[in-house]
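Undergrad: What follows is a predicted protein model with its sequence.
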Amino acid sequence: MQPSVLEMAKDLVKAQIEAGELTPDAMPKALQKSHASLMALQARQVQVEVDEGSGVGSLSGSIDWRQSITRHAITCLECGASFKQLSIRHLRQHDLEARSYRSKYGIPRTQSLAARDTMARRRQVVQAIRPWEKTRRYLAMQAGTAAKKKTAAKRGRKTSPR
C-alpha cells in the first residue's frame, strides 16, 4: 500500500532533521510546506493521468456507463459534467464523436446518449405527430390501397386485409 501524502511529508522532514539541515523548531513550518508541495504534485499527477486517458484518475474508472445515465441527466464520462443529452458540440470539446465515445466506454451502439426522461418525451412527441404518415411512400401506399378498394367495390368483391 502506498504511504499517504502526510506520511511522506513527515518522513521528508524527519530525514532533514536527522541530517542536521533542519532544526526541531522549524519542523512545523517545514512539514506544512512539504505537505502542500506533495499535495500539489499529486494533483498535477492525477490531472496528467486524466489528460492522457490512462483511466487511473479519470471518471471512467469510477463510474460505470450504466450509472452515468439517470432519469433526469447523463454524466459525461470524460469531464463529469451533467446534461440532458450529450450533444455533438460537447463531445467535440473532447475530440470525440458519439461513435468513438460509445466505443471508448463500452456503450452499446443502440444506447441513446440522453437522459431517460428526455427520451421518453421524444417518444411521446413522435407518437403524437406520427411523421411516418407524411412520407411519400406511406401516402402512395395509402392511395394505392384506397384505389384497390374502390376497384374491388365496383366489381363487387371484398378486399382481403394485408
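TA: Ah, there it is. Numbers count the residues shown, from 1 in each chain.
Undergrad: The helix or strand containing Ala9 packs against which elements?
TA: Element membership for Ala9 (DSSP states H and E) is helix 5-18. For helix 5-18, the contact count by 3 or more CB pairs under 8 Å, 6 or more residues apart in numbering; DSSP states H and E identifies helix 27-52 as packing neighbours. To be clear about C-beta, it is placed using only N, CA and C from the backbone, and glycine gets the same treatment.
Undergrad: picking that back up, can you point out the buried residues in the helix holding Ala9?
TA: Residues of helix 5-18 classed as buried by neighbour count (16 or more other CB atoms under 10 Å): Val5, Met8, Ala9, Lys10, Leu12, Val13, Gln16.
Undergrad: cool, stretch 74-89 as well?
TA: Ile74, Thr75, Cys76, Leu77, Glu78, Leu86.
Undergrad: Closest to Thr23 out of those residues?
TA: Nearest to Thr23, judged by CB to CB, of these is Glu78 at 48.4 Å.
Undergrad: Okay, domains of this protein per the record?
TA: With domains defined by automatic domain parsing, the chain comprises 5-52, 58-152.
Undergrad: can you give me how far the longest one is from the chain middle?
TA: In terms of CA atoms, centre = their mean, to the nearest Å, the gap separating the centre of domain 58-152 from the centre of its chain is 14 Å.
Undergrad: hang on, the earlier thing: in TSV: the domains of the chain, plus mean pLDDT.
TA: Converted to TSV, those look like this (pLDDT from 0 to 100):
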stretch	mean pLDDT
domain 5-52	73
domain 58-152	86
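Undergrad: Which of the three states applies to Glu21?
TA: Classification of Glu21 using DSSP: H, G, I helix; E, B strand; the rest coil returns coil.
Undergrad: rewinding a little: for the buried residues of helix 5-18, which one is nearest Ala140?
TA: For those, the nearest to Ala140 is Val5 (71.9 Å; CB to CB).
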